[in-house]
Structure formats: structure tokens, C-alpha cells
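> Here you go, sequence then predicted model.
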Amino acid sequence: MRVITGKYRGKKLFAPADNRIRPTSDRVKETAFNMLYSKGYGADIRVLDLFAGTGGMGIEALSRGAGECVFTDIDKKSCACVHKNLAHTGASGEVYHADYKTALLKLAGRAFDVIFIDPPFASRREADAVGLILQHGVLAKGGVIVIEHAADNPLDGLPTQLNRESRACGNTVLTFLSYKE
């Protein structure tokens with residue numbers, strides 16, 4: 001696992017040795033960022049990496065020119081891993097050790113241009129997280145939510161007031177949500 005491109009290109013990212021988390025593959029990461037760039041999301045964006053794990057998606061965004069990134073995870077070892085990866089790459093960001101509900105409450109009103117949601121696949125917390133993002137005003141007007149989920153998860157219960165576009169990457173699907181105009 002590494003940073004694919006940008007300022008920190010080629011830097012290795014560390015993951016916990018016990019395989020408790022599922023880091024995003026390079027293929028899925030590249031697909032996500034290609035789609036984001038095609039939608040006009042590039043440099044100087046504000047990024048939230050919810051369920052951060054290793055911090056790979058947020059660090060990739062910083063490497064590609066994001067202006068800021070906030071990382072949140074409920075697991076202390078994951079937060080330590082994010083800190084280690086930020087130090088190793090030379091990137092900087094805010095890291096919060098909190099469950100997603102508490103983190104979103106703390107971030108209320110702080111609008112992010114891109115929000116990555118990648119909870120454990122079996123947890124099926126995506127719809128709840130999206131609802132809280134909208135409730136707390138965490139998604140900027142014109143922003144996008146990128147959900148990484150298993151292909152067998154139809155993401156039932158997502159708010160209907162959002163546009164939805166999905167891209168399959170093998171057994172993983174990226175679903176992009178944005179406000180309807």
C-alpha cells in the first residue's frame with residue numbers, strides 16, 4: 001500500500017499487522033480520484049476521511065493538493081497508524097479518535113468538499129453516516145461523498161435528495177453522492 005501520485009508519490013503507507021482493517025487498494029483509490037478529478041475536485045479542497053483506518057484516502061488527497069484533511073476513527077490503533085503515516089509521508093492533518101457520530105457532531109457546520117466513508121463492510125453504517133453528515137451540515141454545497149462498500153451492499157436507506165453514481169471495482173463499489181441542483 002502506497003501513495004499513488006502527487007507530492008508524496010511512492011511513499012509506503014503502514015497498516016496494522018493484525019489485518020483488523022481493510023486498506024483501500026491502489027486500483028480502487030485510483031478510480032476514486034480519477035472520478036473526483038473528472039467532477040472538478042482537485043487542489044485546495046477540504047477533505048474528511050471518516051472511518052480513516054490507515055488514512056490512505058486522506059493522505060492521497062493531501063498528496064494531490066488538498067488544502068486540508070481531517071481523519072476520524074474509533075480505533076486507537078488506527079489513529080496511531082494515521083499519525084505514523086502522516087509523519088512518514090510528511091503530510092499534515094487533524095486526527096480525531098472518536099466514533100463517527102461523535103466526530104460528525106464535533107465537525108458540525110464545518111463544510112468539507114470531499115468526504116470519504118469506508119466503514120467495515122459488514123457494519124452497514126453508510127446510510128446513518130450520510131444522514132448525520134447532512135443533518136450536521138458537514139458536506140459543503142457542491143461537495144461529494146464517496147462511499148467505498150462491498151458489491152453485495154445496495155446501500156439501502158440513503159437520503160433520496162442526493163444524486164447517486166456508482167462505479168464497480170471488482171468486489172468493491174464506489175458510490176458518489178452529491179446534492180441535486
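Sure, I can see it.

> alpha carbons only for contacts and neighbour counts from here, please
OK.

> Now the spatially most central residue of the chain: phi and psi?
Of all residues in the chain, the one closest to the mean position by Cα atoms, centre = their mean is residue 116, 2.1 Å from it. Main-chain dihedrals, residue 116, degrees, to the nearest 10: phi -90, psi 130.

> is it true that it touches residue 146?
Yes - look at residue 116 against residue 146 with Cα atoms under 8 Å: they come within range, at 4.9 Å.

> Pairing partners for the residue nearest to the centre of the chain in the sheet, please.
Per DSSP bridges, the residues bridged to residue 116 are residue 49, residue 146.

> how near is it to residue 50?
6 Å (Cα to Cα, to the nearest Å).

> intersection of neighbour lists for the two?
Common contacts of residue 116 and residue 50, defined by Cα atoms under 8 Å, 6 or more residues apart in numbering, are absent altogether.

> where are the low-confidence patches of the protein?
The model of the chain has pLDDT under 70 over residues 19.

> Please enumerate the strands of it.
For the chain, the strands defined by DSSP state E cover 46-50, 68-73, 94-97, 112-117, 139-150, 162-169, 172-179.

> Out of these, the one nearest residue 7 is which?
strand 68-73 (14.2 Å; Cα to Cα).

> what inclination does the closest one have with respect to strand 46-50?
Strand 68-73 runs at 10 degrees relative to strand 46-50, counting by axes from the mean of the first three to the mean of the last three Cα atoms, to 10 degrees.

> what are the pairing partners of strand 68-73, and which direction each?
strand 46-50 (parallel), strand 94-97 (parallel).

> looking at the ones you listed, which is buried most?
For those, the largest average neighbour count (mean count of other Cα atoms under 10 Å) is found in strand 46-50, namely a mean of 26.

> what inclination does that strand have with respect to strand 139-150?
40 degrees.

> now strand 46-50, how far from the centre of its chain.
Mean-position distance between strand 46-50 and its chain equals 6 Å (Cα atoms, centre = their mean, to the nearest Å).

> same deal with stretch 143-156?
11 Å.

> How about residues contacting that stretch?
Residues from elsewhere that reach stretch 143-156 (Cα under 8 Å, 6+ apart): 32, 112-119, 121, 124, 126-127, 139, 168, 170-179.

> Can you list the residue ranges for helices in the chain?
For the chain, helices defined by DSSP state H occupy the ranges 26-38, 56-63, 76-89, 100-106, 126-135.
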